[in-house]
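Q: Based on what follows, work out the 3D shape:
(one chain, ligands or ions: 1)
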Amino acid sequence: MSETAAAPAASLRARAEIDLVALRANVRALRALAPGAQLMAVVKSEAYGHGAVACARAAVEAGAGWLGTATPEEALALRAAGLRGRLMCWLWTPGGPWREAVEADIDVSVSDMWALEEVTAAARAAGLVARVQLKGDTGLGRNGCQPGADWAELVGAAVEAERAGLVRVTGLWSHFACADEPGHPSVDAQLALFREMLAYAEQRGVRPEVRHIANSPATLTRPDTHFDLVRTGIALYGISPSPEVGTPADFGLRPVMTLAANIALVKHVPGGHGVSYGHKYVTPGETTLGLVPVGYADGIPRHASGTGPVLVGGKWRTVAGRVAMDQFVVDLGGDEPEAGAEAILFGPGDRGEPTAEDWAQAAGTIAYEIVTRIGTRVPRVYVNEEQSG
Ligand SMILES: *Cc1c(COP(=O)(O)O)cnc(C)c1O
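A: Got it, this is the predicted structure:
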């Protein structure tokens, strides 16, 4: 992830300011909400677009006992950047870097026999004990081992590999499908099945260090799902998993990313002037247009054409016409800010700017996608990095 040190942030075309003080405070708020559990900071996909290494460091400083990534490559990159402590990754494909992961002391997730075979082979080759976490599918229908015969086979083989000194089963875990819809009956059903799958494995002799199933929405709304560890992603970045769960402020969370750009051009145009590709917007009368120099190549959703909100000069403006690859236009209604004036796309909201949730609604998606898709062409500028918060 590109960082900037030398260039003054205000002169950049666009920037994603990452408030690490807010991130640390979010870690502490989440730990207070799950006092009996350890906290895993989920920093996959460049920490949901915020920058994996900087956010991982800040989260660990603030008390996250674990880091989590999807891919082994992401986990290995954190080790290479000097992050120690517990680190887990869960999205493996055959032939993956098992040996590197075992040697880097990474907890690896196993959902199927092929994966257990590959990790035990890697442990044997490395002369090390692999830390393995068995994942059960309690109803998400995605990754994870099916309950019943498949689980019995996987648990049995893992216990054997443990007795052979090749693996240590450090965790038993699963993932929710609908925890962001409070009251959804699948949450209770998954929880009940998780307890059954745990009981089965424990009765076969598995003694996990951690049992875990809670993502951000479950961490925020269902204390009975916390077990030994909660895996929080979106909440760490100060964003609510869904409006139904609540606002960030309801949980003492503060959005970490502010996306801003500098207006590249302001000009007067007559009424009836088409704007951007396809002329989907036509000026209703004489007005001023502002050119915002970010586009879908930077992760601004093209689906927000005609709907995305932007704060310019204290007023909400709306994307006029189509979002292009590198730029879009807002109708400034006759206002004449200088070229270089700040356009805030989203942030915490307390300067009157829209939030990532506002963009999610404008684009018909979720706030997770809004922050995660901000591209590498937008430099991340870390704010208050050196303070302890
Ligand atoms: C992404 C992810 C999380 C974090 O989810 P949030 O809703 O962002 O908290 C937790 N567990 C797994 C397996 C994930 O893939």
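
Q: Residue 326 is in contact with residue 292, isn't it?
A: No - contact criterion Cβ atoms under 8 Å: residue 326 and residue 292 do not qualify, at 10.1 Å. Every C-beta, even on glycine, is put in place using the N, C-alpha and C of the backbone.

Q: Quick check on these two: which one has the bigger neighbour count.
A: Between residue 326 and residue 292, counted using other Cβ atoms under 10 Å, the more crowded position is residue 292 (27 against 15).

Q: pLDDT value on the more buried one, please?
A: For residue 292, the pLDDT comes out at 98.

Q: What is the neighbour count of residue 314?
A: 10.

Q: and the closest residue to it other than its chain neighbours, helix, strand or coil?
A: Of all residues not flanking residue 314 in the chain, residue 352 sits nearest, at 6.5 Å (Cβ to Cβ, 6 or more residues apart in numbering). Put simply, residue 352 is coil when judged by DSSP: H, G, I helix; E, B strand; the rest coil.

Q: Give me the contact list for stretch 254-261.
A: When contacts are defined by Cβ atoms under 8 Å, 6 or more residues apart in numbering, stretch 254-261 is touched by residues 13-20, 22-23, 25-26, 49-50, 55, 236-239, 248, 292-294, 342-349, 353, 355-356, 371, 374, 378.

Q: OK, contacts around the residue of the stretch 51-200 of the chain found nearest the ligand?
A: Across the stretch 51-200 of the chain, the shortest distance to the ligand (Cβ to the nearest ligand atom) belongs to residue 175, at 4.5 Å. For residue 175, the contacting residues are 135, 138, 140, 142, 143, 144, 213, 215, by Cβ under 8 Å, 6+ apart.

Q: JSON lines for the residues you listed, including pLDDT, distance to the ligand and secondary structure?
A: Output for these, formatted as JSON lines (pLDDT from 0 to 100; distance: Cβ to the nearest ligand atom, whole Å; DSSP: H, G, I helix; E, B strand; the rest coil):
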{"residue": "135", "pLDDT": "98", "distance to the ligand": "8", "secondary structure": "strand"}
{"residue": "138", "pLDDT": "98", "distance to the ligand": "12", "secondary structure": "coil"}
{"residue": "140", "pLDDT": "98", "distance to the ligand": "9", "secondary structure": "coil"}
{"residue": "142", "pLDDT": "97", "distance to the ligand": "9", "secondary structure": "coil"}
{"residue": "143", "pLDDT": "97", "distance to the ligand": "8", "secondary structure": "coil"}
{"residue": "144", "pLDDT": "98", "distance to the ligand": "9", "secondary structure": "coil"}
{"residue": "213", "pLDDT": "98", "distance to the ligand": "9", "secondary structure": "coil"}
{"residue": "215", "pLDDT": "98", "distance to the ligand": "4", "secondary structure": "coil"}
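
Q: For the closest residue to residue 293 other than its chain neighbours, give its distance to the ligand.
A: Closest residue in space to residue 293, ignoring its immediate chain neighbours: residue 264 at 4.4 Å, by Cβ to Cβ, 6+ apart. To the ligand, residue 264 is 34 Å away according to Cβ to the nearest ligand atom, to the nearest Å.

Q: show me the contacts for residue 264.
A: 13, 291, 292, 293, 327, 339.

Q: How about residue 23?
A: Counted by Cβ under 8 Å, 6+ apart, residue 23 has contacts 50, 55, 58, 59, 62, 236, 237, 238, 256.

Q: any idea which helix is longest in the protein?
A: Identified as the longest helix of the chain according to DSSP state H is helix 185-203.

Q: Give me the buried positions along that one.
A: Across helix 185-203, burial judged by 16 or more other Cβ atoms under 10 Å covers 187, 190, 191, 193, 194, 197, 198, 200, 201.

Q: Contacts for the next helix or strand after that helix, please.
A: Using DSSP states H and E, the helix or strand that follows helix 185-203 in sequence is strand 210-212. Residues from elsewhere that reach strand 210-212 (Cβ under 8 Å, 6+ apart): 37-38, 40, 133, 170-173, 198, 227-231.

Q: Thanks a lot, see you next time.
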